[in-house]
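# predicted structure and sequence below. I'll ask about it afterward.
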Amino acid sequence: MDEPLHHIERPGLPWRPDHRRTLCGRDVDGLPVWSRDEAMAEARKLGRQRFALFACMTCAGVFSINIPWEESPAECLRGYLARFGAWRSTNEADVARFEAELRAIAMLIEAHRGEFDDTVEALLEVPSLRAHREERVRRGLH
């Protein structure tokens, strides 16, 4: 088997567009990398055992539980936070950067408290697309 192992790209945080890494922690540049959706499609097509022959073992072991921001911001952030306490060590510079980003977010919120609160309320009022679809199916309008 002369095809290199594929890695799977870690779901990103929206304020980190240039911080692209694999789930095993490597920089994506120069590596064969699948997105989470591509990896899921490959796993379905090949089956989990054959899929494991083509994917980095670490990436393949955790890709299905690493949720993208667009699907669930809370789950995406949980995945980032889990890295700091997991067996995969995180270097001090990464921890310092992440903590600085969180402090900056808090400072920006404090500086724009009214706008932040209004935005949160507006987002809470917007029904989710899934809820909208479920309602249409319930009503028989699909």
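Nice, thanks for sending it over.

# output the contacting helices and strands for the helix or strand hosting Gly61.
Gly61 is part of helix 57-62, with elements assigned from DSSP states H and E. For helix 57-62, the packing partners by 3 or more C-beta pairs under 8 Å, 6 or more residues apart in numbering; DSSP states H and E come out as strand 7-8, helix 36-46. (C-beta placed from N, C-alpha, C; glycine too.)

# could you identify which of these is most buried?
The highest mean neighbour count among the helices and strands packed on helix 57-62, using mean count of other C-beta atoms under 10 Å, belongs to strand 7-8: a mean of 26.

# okay, buried residues for the lowest-mean-pLDDT helix or strand in the chain please.
The helix or strand of the chain with the poorest confidence is helix 129-139; it has a mean of 75 (mean pLDDT, DSSP states H and E). Within helix 129-139, no residue counts as buried by 16 or more other C-beta atoms under 10 Å.

# before we move on, back to that, please compute how far the helix holding Gly61 lies from its chain's middle.
14 Å (C-alpha atoms, centre = their mean, to the nearest Å).

# stretch 41-56 too?
20 Å.

# who touches that stretch?
Stretch 41-56 has contacts (C-beta atoms under 8 Å, 6 or more residues apart in numbering) with Met1, Glu3, Leu5, His6, His7, Ile8, Thr22, Leu23, Cys24, Trp34, Ala39, Ala60.
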